[in-house]
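A.B. asks: need a 3D model of the following:
(chains A and B)
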Amino acid sequence: DSGVTQTPKHLITATGQRVTLRCSPRSGDLSVYWYQQSLDQGLQFLIHYYNGEERAKGNILERFSAQQFPDLHSELNLSSLELGDSALYFCASSPWTGSPFSAYSSTDTQYFGPGTRLTVL
Amino acid sequence: SQELEQSPQSLIVQEGKNLTINCTSSKTLYGLYWYKQKYGEGLIFLMMLQKGGEEKSHEKITAKLDEKKQQSSLHITASQPSHAGIYLCGADITSYSGAGSYQLTFGKGTKLSVIP
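C.D. replies: Presented below is the predicted three-dimensional model:
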């Protein structure tokens, strides 16, 4: 058990709908990362929040948004869903306090949640 | 084209054998990360390499970074069935624009099967 929790585990919805995925980081970790994994695209980095502020953006679509709340949990909002959004969505946390130009500091370990499997029908 | 190429795509080895997985970047590397994923499960962060020539170990798994070749190799010694899974490399390929951000990209993975 990594200590990172994600809810829900599975989500089935229809095209055009909006969903919210939730992530609770390990106690004390200030950084939360979101990733998308699909058969077509593989693993893709979406976004990184550090202590409530957006730190870096990856291949996140404009239809997607995220935020990190004062209690450090994070939510990923996916709207106007398309079939191609079906994927596993992982979040990870780390105690990252590294360089502003690096994803992780050299002493960090990232801890991944079990993922949310989103199916868009 | 793929920014991070992993080879081989899949590998079947006999238990006890050594093996190597490579990850080559088409861009300058500022950090190289290795992950493992059990089939249908979550990701496990194995290690991070930042400096050229750096070598790190995690149990029987060793990874090295060759900065000049923009390549990392992951070596497993005396493989065990517990090593089976998909190994992914990720890289920080940020071109420093002063924006204070970074860019992470990932390889397609190497599927490792270990036959008892």
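A.B. asks: now could you export just the CA positions of stretch B:109-116 as PDB?
C.D. replies: Backbone C-alpha positions of stretch B:109-116 (Å, rounded to 0.1, in the frame of the first residue of the first chain) are rendered in PDB as follows:
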ATOM      1  CA  GLY B 109       7.500   0.000 -21.900                       C
ATOM      2  CA  THR B 110       9.200  -3.300 -21.900                       C
ATOM      3  CA  LYS B 111       7.200  -6.400 -21.000                       C
ATOM      4  CA  LEU B 112       9.200  -8.800 -19.000                       C
ATOM      5  CA  SER B 113       8.200 -12.400 -18.500                       C
ATOM      6  CA  VAL B 114      10.300 -14.700 -16.200                       C
ATOM      7  CA  ILE B 115       9.900 -18.400 -16.700                       C
ATOM      8  CA  PRO B 116      10.400 -20.500 -13.600                       C
END
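A.B. asks: got the buried residues for it?
C.D. replies: Residues of stretch B:109-116 classed as buried: B:109-112, B:114 (neighbour count, 16 or more other C-beta atoms under 10 Å in any protein chain shown). (Glycine included, C-beta is placed from N, CA and C.)
A.B. asks: and those residues near chain A, which?
C.D. replies: With C-beta under 8 Å from any C-beta of the partner chain as the criterion, the buried residues of stretch B:109-116 include B:Gly109 near chain A.
A.B. asks: so which of the buried residues of stretch B:109-116 are in helices?
C.D. replies: Nothing among those maps onto helices, per DSSP state H.
A.B. asks: and the furthest pair within the buried residues of stretch B:109-116?
C.D. replies: The largest separation in the buried residues of stretch B:109-116, counting by C-beta to C-beta, is between B:Gly109 and B:Val114 at 16.0 Å.
A.B. asks: what is the neighbour count of residue 52?
C.D. replies: This is for chain A. Using other C-beta atoms under 10 Å in any protein chain shown, A:Gly52 has 14 neighbouring residues.
A.B. asks: actually chain B
C.D. replies: 13.
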